[in-house]
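A.B. asks: sequence and predicted structure below; questions after.
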Amino acid sequence: MAENSPFRMTIDLNVLNHLGIKLYSSVPAVISEAVANAWDADAESVGIDVATGKIVIQDDGHGMSVDDINRKFLTVGYQRRKNGEAKTPQGRPVLGRKGIGKLSLFSIADTIEVHSCWGGERSGLILSLPGIQASIAAGEKEYVPAAVPLEEISISQGTRIEIRDIRKATHNAPGPLRRRLARRFSSIGQVNYEKSFDVHVNGVPITSEDREYYKKVEFIWTYGELGEEISKSTSATQVFPREATFSGWIGTVKSAGDLASEDGDNLNDIQIMIRGRVAQEKTLQFFGEDGLYASYVVGEIHADWLDDDEKEDVATSNRQALIEDDDRVVKLRAEIQAELKHIQNKWTDLRNKEGSKEALKVPEVDAWFKTLGADQRNKATQMFGKINTLKLDPSDKKPLFKFSVLAFEKLKLRDSLSRLDSLSDSDFSGFLKAFEDHDELEAQLYYEISKGRLDLINSFEGLTEENSLEKILQKFLFQHLWLLDPSWDRAAIDPVMEKEVKKAVLNDEEFVGEYMETIGRVDIQYRKSGGEHLIIELKRAGRVCDTDELFAQVRKYQRKMDQLLAGTGRSAEAYEIICLVGKDLKDWSEPQGREKSRSILEQANARVMTYQQLIGNARRAYGEYLEASKTASRIYAILDAIDASL
């Protein structure tokens, strides 16, 4: 019936663009195809030389005859496995399957020159991408490569491939190429089927060390003899053998940052290997694993059963990924996901214990830890472990350890206070202990607050430019009156009174016209602290005032406050007016100028501070408190030890 059909299927050379010429995206992926071909040729040694504009790959395999080149190498889609060649003459399982890998070389270059020697017979050809594209444009059915004269072929064994007219940047990059090839082939540097398989890049052999992650593994889960053997080359502190249909290993590292390679690659991946070659990268993304633990995972899974010569190929055309909905891939995916879930649970417990071990290396912390009850100790172990898993520098973890200690001290205090109800009236020591614990914890908390405030105050020292200092203070001062006076720690906002004060002071005819031009802008805020009303005004940093000028202004504030308080029946309540200025008042330079100025302004319940006085007073007050209190606290000794040791 087919003979009588008017229809015919033909293959256009243009299909080469889709089969391989434009299918690969990276140099290591392309070179991997040449390395795989060398494996299939029973090569024991492969040399890769990377130079500016050129890459040469030479192996010592069995080579190709002219017939082999035409029938196998130049026949796109030649499937050697279906032609009874599933194994090499020396018994290696063949890596090639679709017969399009050789086209990948054109992904990075325009010219490929091939020399080969088989049984003493030498041959060579030059493939040109522009030539192929010209044949495609002309509608030709075949492309005819140029032959290399025999006198120009110098090799006596194996195959030499010279890649020229390279379009991607590869010069001066032998190190990254070596490391990336090491991660793509587990067979490199190993004895396989009684024969070694060594690959050199610019004369430097590729070894397992080039994979970079073996010496970064902290915990490792092994599968089969292969996993157990690999675990011996890692830095794993604990090894957990597991049973699975695949072999290999999955490991976790101590810090997520450990999975950044020397070349900037992200090693956070489980690679699925088939016949010693990577078949699937970015497996964690492929499987949808994105929990915290997943950023610490690395591994190699070997599943040769995925590649069955009697079944369809399980890999995508570019051999860099697996076909997701293939039944074999679905099965493997389910098994690996189950293992990852097991590892996640185990890893969390291990990390918690390791985190607490890290903290307990500090003797003071270890002694404190022993004061906790069993339940609190378990929770502290979990807390320290979680802190240890955070993607932070060790110095950034210290505050978290310190505040964890304070948090558990608070829990201890709560338990202590709850037991007061069961104490007899004569048990003075029980009451006294509870109160002492409360005072000590409160003092330590305030110490930490004061220390943070002092750090903030000290940061103002670098603000030498007047307007910068003014803007910073305007932003923070009214919300944090402890900058003005540490005793105003609990200054409160009274919205109703604040509205009335601003209305009385700013919406008055006395504060408009020429007077405003004289005194400059008024930035005023109202707060209340310890029952006292506070009116704070910020003068522009560069403005220079004198006492008489300020007194005229604050006297008006005084009258308005007296009227406002009297009108609301609160005349007995105290108030203070603070003027914050950038520079000393003009008359302060006169004899006894400061004392006279202070005496005048006190008549209006007012005082003046400069920005520098403000910073100096606050620093001095908090500094003295810290110095006086740091040696008096048991908790301080613990927190100080964390700072010094972790």
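C.D. replies: That came in fine, so what should we check first?

A.B. asks: tell me the helix or strand right after the helix or strand of the chain with the lowest mean pLDDT.
C.D. replies: Least confident element among the helices and strands of the chain, by mean pLDDT, DSSP states H and E: helix 514-519 (a mean of 49). Note on helix 514-519: by DSSP states H and E, the next helix or strand toward the C-terminus is strand 523-529.

A.B. asks: all strands of the stretch 51-200 of the chain, in order?
C.D. replies: Here the stretch 51-200 of the chain has its strands, by DSSP state E, counting those that start in this stretch, at 54-59, 109-118, 121-128, 146-147, 158-166, 190-192, 195-201.

A.B. asks: would you mind measuring from the closest residue to residue 331 other than its chain neighbours to residue 148?
C.D. replies: Take residue 331 and drop its neighbours on the chain: the residue closest to it by C-beta to C-beta, 6 or more residues apart in numbering is residue 245, 7.9 Å away. Bear in mind the C-beta positions are built from the backbone N, C-alpha and C, glycine included. For residue 245, the distance to residue 148 (C-beta to C-beta, to the nearest Å) stands at 48 Å.

A.B. asks: between these two, who's got more neighbours?
C.D. replies: residue 148 (16 against 11; other C-beta atoms under 10 Å).

A.B. asks: now residue 218: closest residue in space, sequence neighbours ignored.
C.D. replies: residue 254 (4.5 Å).

A.B. asks: thought residue 161 was touching residue 54?
C.D. replies: No: distance between residue 161 and residue 54: 11.1 Å, which falls outside the contact criterion (C-beta atoms under 8 Å).

A.B. asks: state the number of residues packed around the nearest residue to residue 226 once chain neighbours are set aside.
C.D. replies: In space, and not counting its chain neighbours, residue 226 is closest to residue 247: 4.3 Å by C-beta to C-beta, 6+ apart. Using other C-beta under 10 Å, residue 247 has 20 neighbouring residues.

A.B. asks: same question for residue 643.
C.D. replies: Count around residue 643 with other C-beta under 10 Å applied: 13.

A.B. asks: could you check how far it is from residue 402?
C.D. replies: Between residue 643 and residue 402 the distance is 8 Å, computed by C-beta to C-beta.

A.B. asks: then residue 349?
C.D. replies: Counting by C-beta to C-beta, the gap from residue 349 to residue 402 is 24 Å.

A.B. asks: ok, residue 175 next?
C.D. replies: 42 Å.

A.B. asks: any idea how the protein splits into domains?
C.D. replies: 12-205, 212-342, 353-457, 463-604 (automatic domain parsing).

A.B. asks: the ones you listed: which one's closest to residue 612?
C.D. replies: Nearest to residue 612 among the domains of the chain is domain 463-604; the distance by C-beta to C-beta comes to 8.8 Å.

A.B. asks: and residue 175 and residue 402? Which one has more around it.
C.D. replies: Neighbour totals were compared for residue 175 and residue 402, and residue 402 leads with 21 against 15 (other C-beta under 10 Å).

A.B. asks: next, residue 535: secondary structure please.
C.D. replies: strand (DSSP: H, G, I helix; E, B strand; the rest coil).

A.B. asks: same check on residue 595?
C.D. replies: helix.

A.B. asks: list the contacts for residue 577?
C.D. replies: 535, 537, 554, 557-558, 561, 604-607 (C-beta atoms under 8 Å, 6 or more residues apart in numbering).

A.B. asks: out of those, which are inside strands?
C.D. replies: 535, 537, 606-607 (DSSP state E).

A.B. asks: among the strands of the stretch 51-200 of the chain, show the one with the smallest mean pLDDT.
C.D. replies: Lowest mean pLDDT within these: strand 190-192, at a mean of 78.

A.B. asks: buried residues in that one?
C.D. replies: Residues of strand 190-192 classed as buried by neighbour count (16 or more other C-beta atoms under 10 Å): residue 192.

A.B. asks: tell me which stretches of the stretch 501-646 of the chain form helices.
C.D. replies: With DSSP state H, counting those that start in this stretch as the criterion, the stretch 501-646 of the chain has helices at 514-519, 547-567, 593-602, 611-629, 634-645.

A.B. asks: I'd like the ones you listed as JSON lines, with distance to residue 299 appended.
C.D. replies: As requested, the helices of the stretch 501-646 of the chain are exported to JSON lines (distance: least, C-beta to C-beta, whole Å):
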{"stretch": "helix 514-519", "distance to residue 299": "73"}
{"stretch": "helix 547-567", "distance to residue 299": "72"}
{"stretch": "helix 593-602", "distance to residue 299": "73"}
{"stretch": "helix 611-629", "distance to residue 299": "49"}
{"stretch": "helix 634-645", "distance to residue 299": "34"}
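
A.B. asks: who does residue 299 bridge with?
C.D. replies: residue 250, residue 270 (DSSP bridges).

A.B. asks: and for it, the neighbour number?
C.D. replies: 27.

A.B. asks: next: the one 4 residues further on.
C.D. replies: The criterion is other C-beta under 10 Å. On that basis, residue 303 has 26 neighbouring residues.

A.B. asks: tell me the pLDDT of it.
C.D. replies: At residue 303, pLDDT is 93.

A.B. asks: okay, now the closest residue to it other than its chain neighbours: neighbour count?
C.D. replies: Using C-beta to C-beta, 6+ apart and skipping the chain neighbours, the partner closest in space to residue 303 is residue 246 (4.3 Å). By other C-beta under 10 Å, 21 other residues sit near residue 246.

A.B. asks: next: residue 449.
C.D. replies: Other residues close to residue 449 by other C-beta under 10 Å number 13.

A.B. asks: how much space separates it from residue 641?
C.D. replies: 20 Å.

A.B. asks: and for residue 210?
C.D. replies: Counting by C-beta to C-beta - residue 210 and residue 641 are separated by 42 Å.

A.B. asks: count the residues that sit near the closest residue to residue 360 other than its chain neighbours.
C.D. replies: Excluding the flanking residues, the one nearest residue 360 by C-beta to C-beta, 6+ apart is residue 366, at 4.5 Å. Neighbours of residue 366 under the rule other C-beta under 10 Å: 13.

A.B. asks: tell me which element residue 366 falls in.
C.D. replies: Counting by DSSP H and E, residue 366 is found in helix 363-369.

A.B. asks: list the buried ones in that helix?
C.D. replies: Those would be 364-365, 368-369, for helix 363-369 by 16+ other C-beta under 10 Å.

A.B. asks: which parts of the stretch 201-350 of the chain are helices?
C.D. replies: Counting by DSSP H, counting those that start in this stretch, the helices of the stretch 201-350 of the chain are 224-231, 283-286, 327-360.

A.B. asks: looking at these, which is closest to residue 26?
C.D. replies: Per C-beta to C-beta, nearest to residue 26 of the helices of the stretch 201-350 of the chain: helix 283-286, 17.0 Å.

A.B. asks: just the CA trace of that closest one, in PDB.
C.D. replies: Extracted C-alpha coordinates of helix 283-286, given in PDB (Å, rounded to 0.1, in the frame of the first residue of the first chain):
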ATOM      1  CA  THR A 283      17.300  18.500  40.900                       C
ATOM      2  CA  LEU A 284      16.100  20.400  44.000                       C
ATOM      3  CA  GLN A 285      14.200  22.900  41.800                       C
ATOM      4  CA  PHE A 286      13.100  20.000  39.500                       C
END
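
A.B. asks: check which helices and strands it is in contact with.
C.D. replies: If you count contacts as 3 or more C-beta pairs under 8 Å, 6 or more residues apart in numbering; DSSP states H and E, helix 283-286 packs onto strand 270-274.
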